[in-house]
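J.: Give the three-dimensional model of this entry:
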Amino acid sequence: MAEMMRFFDERVPFHGALRAHKGDLRPLLYAGMRSGKISASDLEEIGGIVKTSIEKRGTLTPRMQWGINEAFIHAQQKRFPEALSELRSAFFWSNPDNLRKLERHFRSNGINLTLGRELLSQTAHVFSGNYKGKRVVVKLTVRPPLHPTVERHIVQVPVAHQLYESPTPFIPGHLSVVNHLPGKIAVKAIEDGAPVMATFHNMGKALAKIHSNPMTPQLRRLFPVPTRLWRPIAQETSKDVSAIATAFNLDSATVRKISRVLNTKLKEPSACVLHNDFHEENILVDEAGNVSGVIDFQGAKFGDPMSDLAKAMYYARKTEELYGFKGASIALRNGYHQEKPLSADAKVRLNHFYLATAISLATPYLNNEEVKPTVKKLLLEALKRIS
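T.: Coordinates of the predicted model:
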């Protein structure tokens, strides 16, 4: 440990910023360097970007913190190139000088693109902007969207369509320009006075509409339609049970119940298109909580609609803990049920997918003593949903 700290003290400025909410990133990066997966110059480069950005902004912004947390997850799983990419992007684009440099780059190449000063998301580099005289939204991401054309085939809810995309200059990454949608990110709208229950109720209705989207031949060509919807997720989740049991000090009866649930055979419904990241940062609403747009379909896939609803409800339940939005998860479920009534079989599948979600989304926090009690609480709640 002393050797590691000497290295960071001497060669990586502002390295104290690399302590993530999920844990300290520095030992993971140092281990990656010692194993030859990262070079010392990589870490020095990251340190320089961190130093310049923090000195320019004067603080560690939510976007920087988000990038550190994402890097921690990658590094924990020994995906060191991805960890470094998250850090580069989070800090480089948090420096306003680099955003103006980006505008000049595109202008010099004949592309009329300007970035507004309005940051539309606290956890991503998503800006208001202007493209060819039209109001747009500009996203700066580490990777290009997996399925940039999915939105063209979503007809049940308002979605943003891609107008321009390009690799980013200066550091590896991707830039996407999409048309502007009215409204505010849901969590910001609620902070500004939109009613909590109505907002989450309407979010549930919007998710049900996405699941009712026609399965057109064009949509089917984008990605494969799985034949088994529950078993692959259950089998993947089972790999995390041992670590969860140890971290949460679960008794043997609880572990056996979790294993029994994950080994249950469920009826397989017809697959539909899933948003796969449906939470209040990806939903736009008006001041009354009505959904005016759904964004970020880059993780979209085909699957059981209950897996998507379970994940959305888990995100909402976690938001209740973080922001005090009491009842948000149930409101979302009720909105879904109003738009697309849940059968008895669908409710069984929903509870099973909810437990699988609670396990998989708790795993990154097992070393975080601050967040671990919350995710343990949510996991035990999920288990109680199943008789």
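J.: Residue ranges of each domain in this structure, please.
T.: Here the domain assignment for the chain is 2-92, 96-179, 184-384, based on automatic domain parsing.
J.: what about the second one, start to end distance?
T.: Translated: domain 96-179. Start to finish, the residues bounding domain 96-179 are 23 Å apart (Cα to Cα, to the nearest Å).
J.: Show me how far it is from its chain's centre.
T.: Centre-to-centre, domain 96-179 and its host chain are 18 Å apart (Cα atoms, centre = their mean, to the nearest Å).
J.: pLDDT averaged over it - what is it?
T.: Domain 96-179 comes out with an average pLDDT of 86.
J.: In terms of secondary structure, what does the host helix or strand of residue 261 contact?
T.: Assigned by DSSP states H and E, residue 261 belongs to helix 252-262. Applying 3 or more Cβ pairs under 8 Å, 6 or more residues apart in numbering; DSSP states H and E, we find helix 252-262 packed against helix 231-238, helix 241-248, helix 344-360, helix 372-384. Quick note: C-beta positions are derived from backbone N, CA and C, even for glycine.
J.: neighbours around residue 111, how many?
T.: By other Cβ atoms under 10 Å, the residues close to residue 111 number 14.
J.: Once you drop chain neighbours, what's closest to it?
T.: residue 164 (7.6 Å; Cβ to Cβ, 6 or more residues apart in numbering).
J.: That neighbour touches residue 174, doesn't it?
T.: No: the pair residue 164 / residue 174 is not scored as a contact, 11.5 Å apart, by Cβ atoms under 8 Å.
J.: How about residue 125, nearest residue that isn't a chain neighbour?
T.: Nearest to residue 125 is residue 140, by Cβ to Cβ, 6+ apart, at 3.9 Å.
J.: Pretty sure that neighbour sits against residue 89.
T.: Yes: when contacts are counted by Cβ under 8 Å, residue 140 is listed as touching residue 89 (6.9 Å).
J.: Compare the two (neighbour count), which wins?
T.: The residue with more neighbours, out of residue 140 and residue 89, is residue 89; 26 against 21, by other Cβ under 10 Å.
J.: who's in contact with the nearest residue to the more buried one once chain neighbours are set aside?
T.: Once flanking residues are discounted, residue 89 sits nearest to residue 142: 4.9 Å by Cβ to Cβ, 6+ apart. Taking Cβ atoms under 8 Å, 6 or more residues apart in numbering, we find residue 142 in contact with 82, 85-86, 89, 172-174.
J.: How far does stretch 218-225 sit from its chain's centre?
T.: The answer for stretch 218-225 is 23 Å, by Cα atoms, centre = their mean.
J.: got the buried residues for it?
T.: Going by neighbour count (16 or more other Cβ atoms under 10 Å), the buried part of stretch 218-225 is 219, 222.
J.: So what would you say the end-to-end distance of stretch 134-152 is?
T.: End-to-end distance for stretch 134-152: 19 Å, by Cα to Cα.
J.: so where do the strands sit in this protein?
T.: 19-20, 23-24, 113-119, 125-131, 134-141, 162-167, 174-179, 184-185, 272-274, 283-285, 291-294, 301-303 (DSSP state E).
J.: quick one: which of those strands is nearest residue 326?
T.: strand 283-285 (18.3 Å; Cβ to Cβ).
J.: Could I get the buried residue list for that closest one?
T.: Buried, per 16+ other Cβ under 10 Å, within strand 283-285: 283-285.
J.: swap in stretch 307-326?
T.: Buried residues in stretch 307-326 (16+ other Cβ under 10 Å): 307-320, 325.
J.: re earlier: show me the beta-bridge partners of the residue nearest to residue 111.
T.: residue 177 (DSSP bridges).
J.: Any figure for the gap between residue 309 and residue 160?
T.: Going from residue 309 to residue 160 by Cβ to Cβ, to the nearest Å gives 22 Å.
J.: shouldn't residue 333 be in contact with residue 310?
T.: No: Residue 333 sits out of contact with residue 310 when judged by Cβ under 8 Å, with a separation of 9.6 Å.
J.: list residues touching both of residue 140 and residue 89?
T.: Taking Cβ under 8 Å, 6+ apart as the contact definition, residue 140 and residue 89 share the neighbouring residues 125, 173.
J.: quick one: contacts for residue 44?
T.: Contacts of residue 44 (Cβ under 8 Å, 6+ apart): 11-12.
J.: Distance-wise, check it relative to residue 26.
T.: From residue 44 to residue 26 the distance is 14 Å (Cβ to Cβ).
J.: again, but for residue 296
T.: Residue 296 is 30 Å from residue 26, by Cβ to Cβ.
J.: neighbour count winner among the two?
T.: Higher neighbour count among residue 296 and residue 26: residue 296, with 24 against 21, using other Cβ under 10 Å.
J.: I'd like the mean pLDDT over stretch 275-287, please.
T.: 94.
J.: Any idea how far that stretch is from the middle of the chain?
T.: Worked out by Cα atoms, centre = their mean, stretch 275-287 lies 11 Å from the chain centre.
J.: Likewise for stretch 213-225?
T.: Relative to its parent chain, stretch 213-225 has a centroid offset of 23 Å by Cα atoms, centre = their mean.
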